[in-house]
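Participant: turn this into a model:
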Amino acid sequence: MLNTVATHGHVHEYPQRQRPTSTPTPAGFDVSWAKTWPEVREAQRLRYRVFALEMGARVPSRQHGLDADEFDSYCDHLLVREPRDGEVIGTYRVLTPQQAIAAGGLYSDHEFDLTNLQALRPCMAELGRACVDARFRQGGAMLALWSALADYMLAQQMECMIGCCSVPLHQGGHTAAALWRELSKAHMADPCWHVCPLLPLPLHLLGDGCAADPPPLLKGYLRLGAKLLGPPAWDSEFGCADFPVLLSLDNLPARYRRHFLQHGNAN
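Facilitator: Predicted structure coming up:
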């Protein structure tokens with residue numbers, strides 16, 4: 001299995017294909033794209049620390065101290081390193097339309113019926129497994145990730161990105177339900193793009209009296225003009241509600257467009 005190769009390191013070269021080049025970032029971090037399996041494993045170790053140890057997710061490869069799955073072999077992995085010691089403190093993985101075909105679909109296909117997005121697939125990248133070390137979540141690591149993603153989208157001629165924002169099921173899922181009810185009032189995509197969760201969070205059984213503050217990643221997406229595509233799916237393995245979002249470069253607010261896209265065009 002491809003996942004076994006990535007996990008146990010029997011092959012040290014990342015599967016050969018053209019990969020994005022590293023780009024400078026103004027945020028003071030070293031940003032690069034993984035080119036070898038050891039670099040991918042660095043991202044998988046960070047993901048394990050954040051998702052399994054911090055959030056309590058039941059990841060399938062936890063015995064190896066990694067968060068790894070079969071999609072890792074097909075994705076491009078973005079790494080943000082702390083300049084002083086080179087430790088990976090932030091990561092994203094990106095699945096292009098071409099690699100999604102090779103992988104047999106998107107990761108999101110396992111959680112949602114994406115039929116309404118069929119027309120977007122040729123120009124739509126999937127973002128996933130985003131995480132930042134807890135020590136750096138208040139700094140520029142997320143901006144460094146987003147700047148590199150802007151470069152990537154321009155270089156790959158992608159028009160939009162799809163992803164799932166995970167919201168922990170605090171208070172038995174009531175917080176996630178309250179968050180959905182609040183955000184759906186102002187942040188929904190056009191109905192023609194709506195998707196349906198294959199395993200919906202049982203919203204009808206959950207109250208809405210809890211505080212509903214979006215987690216930092218989802219809040220950041222919304223600031224960038226992202227739209228919700230429908231109600232959240234219930235991810236039982238990760239113990240969270242996954243909110244499907246679509247981010248179009250055309251919908252970036254002016255201030256972020258100037259920062260990210262002009263930065264991207266400069267490189």
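
Participant: pretty sure residue 202 sits against residue 233.
Facilitator: No. Residue 202 is not in contact with residue 233 according to CB atoms under 8 Å; the separation is 11.3 Å. In this view, the C-beta of every residue, glycine as well, is placed from N, C-alpha and C.

Participant: which of the two has more residues huddled nearby?
Facilitator: residue 233 (24 against 10; other CB atoms under 10 Å).

Participant: just grab the bridge partners of that one for me.
Facilitator: Beta-bridge partners for residue 233, by DSSP bridges, are residue 200, residue 242.

Participant: list the contacts for it?
Facilitator: Residues in contact with residue 233 (CB atoms under 8 Å, 6 or more residues apart in numbering) are 111-112, 164, 197-201, 241-242, 244.

Participant: enumerate the positions of the one helix or strand residue 148 maps to that are buried.
Facilitator: Using DSSP states H and E, residue 148 maps to helix 141-156. Within helix 141-156, the residues that count as buried by 16 or more other CB atoms under 10 Å are 141-154, 156.

Participant: cool, and stretch 224-236?
Facilitator: 224-235.

Participant: and which of the residues you listed is nearest residue 60?
Facilitator: Residue 60 lies nearest to residue 235 out of those, by CB to CB, at 12.9 Å.

Participant: separation between the closest one and residue 101?
Facilitator: Residue 235 is 24 Å from residue 101, where distance means CB to CB, to the nearest Å.

Participant: which element is the residue nearest the centre of the chain on?
Facilitator: Centroid-nearest residue in the chain, with CA atoms, centre = their mean: residue 128, separated by 2.7 Å. Secondary structure from DSSP H and E places residue 128 in strand 124-132.

Participant: spit out the contact partners of residue 251.
Facilitator: Contacts of residue 251 by CB under 8 Å, 6+ apart are 225-227.

Participant: sorry, back to before: pretty sure the residue nearest to the centre of the chain contacts residue 91?
Facilitator: No. Counting by CB under 8 Å, residue 128 sits too far from residue 91 to count as a contact (10.1 Å).

Participant: out of the contacts of residue 251, flag the one nearest to residue 117.
Facilitator: Of the contacts of residue 251, the one sitting nearest to residue 117 (CB to CB) turns out to be residue 227, at 12.1 Å.

Participant: let me see the ranges of the helices in this structure.
Facilitator: 2-8, 37-47, 97-103, 141-156, 174-183, 216-223, 254-256, 262-265 (DSSP state H).

Participant: excluding sequence neighbours, find me the nearest residue to residue 52.
Facilitator: residue 59 (5.0 Å; CB to CB, 6 or more residues apart in numbering).

Participant: for residue 74, see how far away the one you found is.
Facilitator: Counting by CB to CB, the gap from residue 59 to residue 74 is 18 Å.

Participant: again, but for residue 118
Facilitator: 20 Å.

Participant: try residue 135
Facilitator: Noted for residue 135: a distance of 30 Å to residue 74, by CB to CB.

Participant: more crowded one of those two?
Facilitator: Between residue 135 and residue 74, counting by other CB under 10 Å, residue 74 is the more crowded of the two (20 against 11).

Participant: that one and residue 98 touch, don't they?
Facilitator: No. Look at residue 74 against residue 98 with CB under 8 Å: they stay out of range, at 9.4 Å.

Participant: rewinding a little: just the buried residues of stretch 224-236 now: which is nearest residue 32?
Facilitator: Using CB to CB, residue 224 comes nearest to residue 32 of those, at 22.6 Å.

Participant: for that closest one, give me phi and psi.
Facilitator: phi -80, psi 0 (degrees, to the nearest 10).
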